[in-house]
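Asker: Build me a model from this:
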Amino acid sequence: MSKIMLSGGRPTGKLHLGHYVGAFKTFADMQKDYDNYFIISDIHMLTTKSTKKEIDTIFENSLNMIIDAIGMGIDPKQTTFYLQSQIPYLSHIFGIFQNYVKLDRVNNTPSLVEMSKHSNQDEVSLGLVAYPVLEAADIFALKADIVPVGKDNIDHVVITQNIIKYINEEFGADFKIPDYITTDNNHIVGTDGSNKMSKSLDNAIYIRDSHEEVIRKVNNMKWVDSYENGLNVVMEYIKIFAPDQYECINNAYISNKLTERKAKDILIEVLDNLLTPMRERMKPYLEDREKVFELLYNGTKKVKTIADESMYELREAIGLVDLESHKRKLVKRNEN
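Answerer: Residues are numbered from 1 along each chain as shown. Here you go, the predicted structure:
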């Protein structure tokens with residue numbers, strides 16, 4: 001049986017190179033070795049974006065997320081896409097899991113500190129605090145073996161491991177303990193050079209950006225003439241997206257033989273070489289959105305069955321009564 005890999009994201013809008021570097025590239029590189037699932041985490045989205053206007057964008061953003069994911073190299077023939085809110089038993093698993101983790105433990109999760117800063121909430125919601133526990137339910141429901149995550153989300157998988165280990169020890173169960181994989185380049189600085197690449201900060205290069213838009217954004221990057229004077233975003237992007245060329249280009253930069261124009265032209269070519277195949281992979285799906293909907297619909301039906309089974313196994317393991325099973329036993333006994 002193939003091992004299961006789970007990745008995904010919140011349907012909050014267009015995907016950019018930060019998403020690609022942070023998770024999608026790792027998933028695409030590893031997908032041939034796993035049975036792959038991609039969760040579109042619309043319930044997770046509600047932890048920071050829960051107004052009617054924001055919720056009204058979920059369906060369209062979900063379809064666009066699948067298209068962007070395919071563009072970034074995720075093969076729809078090898079990956080099951082599904083919508084989190086359409087898997088009813090996730091909430092049941094979450095309801096059980098929250099009793100096996102302490103409040104202080106989730107309060108101290110590093111990613112929650114960062115998310116709370118950008119939540120635009122007067123006070124942090126209960127849903128945001130419990131975010132890692134719902135993520136643990138996602139992982140358990142799929143029986144995932146491996147979860148590619150950014151460094152700021154490693155703790156979410158560790159919380160999942162801790163919950164499942166406790167249940168295994170307390171109830172004599174043998175549930176799978178998931179693992180994570182991460183890479184050094186989990187974050188990428190935005191085009192402004194001072195913040196992480198982000199939709200909300202308008203400092204992103206998007207997967208769907210045209211050639212002309214890439215040129216505009218690269219040309220607007222601030223040029224720093226030496227590392228002593230701060231981060232040079234152009235050189236940073238060349239380092240990330242053209243590592244085989246970086247040493248030679250960097251030597252020229254250090255010795256003041258690399259002009260700003262030359263460096264930016266190199267980066268424009270590097271980004272076009274990266275984005276052009278992405279645009280080509282997206283094109284058939286942009287032209288046939290019904291095909292995208294079918295991927296989401298069929299994938300969600302498949303995952304619902306898996307999650308149902310996981311819930312039954314969890315309920316049996318900890319000893320919660322299954323009324324339907326008990327009823328069948330009574331009927332059988334009375335017939336005899």
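Asker: where's the residue nearest to residue 128 when sequence neighbours are not counted relative to residue 135, distance?
Answerer: Leaving aside its chain neighbours, residue 128 sits nearest to residue 47 (4.1 Å; criterion: CB to CB, 6 or more residues apart in numbering). C-betas here are computed from N, CA, C, even on glycine. Separation of residue 47 from residue 135 (CB to CB, to the nearest Å): 11 Å.
Asker: Who has more neighbours out of the two?
Answerer: Between residue 47 and residue 135, residue 135 has the larger neighbour count (other CB atoms under 10 Å), namely 26 against 23.
Asker: Could you name the helices and strands sitting against the one helix or strand that one maps to?
Answerer: Using DSSP states H and E, residue 135 maps to helix 131-141. When contacts are defined as 3 or more CB pairs under 8 Å, 6 or more residues apart in numbering; DSSP states H and E, helix 131-141 sits against strand 4-9, helix 42-45, helix 89-97, helix 103-107, helix 110-117, helix 154-171, helix 289-318.
Asker: again, only using 7 Å
Answerer: Judged by 3 or more CB pairs under 7 Å, 6 or more residues apart in numbering; DSSP states H and E, helix 131-141 is in contact with helix 42-45, helix 89-97, helix 154-171, helix 289-318.
Asker: quick one: average pLDDT of that helix?
Answerer: Helix 131-141 comes out with an average pLDDT of 96.
Asker: Same check on stretch 45-52?
Answerer: Per-residue pLDDT over stretch 45-52 has a mean of 92.
Asker: mind exporting it as PDB, just the C-alpha atoms?
Answerer: Extracted in PDB, the C-alpha atoms of stretch 45-52 (Å, rounded to 0.1, in the frame of the first residue of the first chain):
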ATOM      1  CA  MET A  45      -9.900  30.100   6.600                       C
ATOM      2  CA  LEU A  46     -12.800  31.100   8.800                       C
ATOM      3  CA  THR A  47     -10.300  31.400  11.700                       C
ATOM      4  CA  THR A  48      -9.200  34.800  10.300                       C
ATOM      5  CA  LYS A  49     -11.600  35.500   7.400                       C
ATOM      6  CA  SER A  50     -15.200  34.800   8.400                       C
ATOM      7  CA  THR A  51     -17.300  37.700   7.100                       C
ATOM      8  CA  LYS A  52     -20.000  37.100   4.500                       C
END
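Asker: If you count neighbours, what's buried in that stretch?
Answerer: Going by neighbour count (16 or more other CB atoms under 10 Å), the buried part of stretch 45-52 is 45-49.
Asker: what do you get for stretch 256-263?
Answerer: 258, 263.
Asker: for that stretch, the distance to its chain's centre please.
Answerer: 36 Å (CA atoms, centre = their mean, to the nearest Å).
Asker: hmm, back to that, looking at the buried residues of stretch 45-52, spot the one nearest residue 162.
Answerer: The nearest member of these to residue 162, counting by CB to CB, is residue 47 at 20.8 Å.
Asker: Settle this for me: the closest one is touching residue 127, isn't it.
Answerer: Yes - here residue 47 lies in contact with residue 127, judged by CB atoms under 7 Å, at a distance of 4.4 Å.
Asker: hmm, back to that, okay, the angle between the helix holding residue 135 and helix 154-171?
Answerer: Here helix 131-141 points in a direction 60 degrees away from that of helix 154-171 (axes from the mean of the first three to the mean of the last three CA atoms, to 10 degrees).
Asker: Thank you, goodbye.
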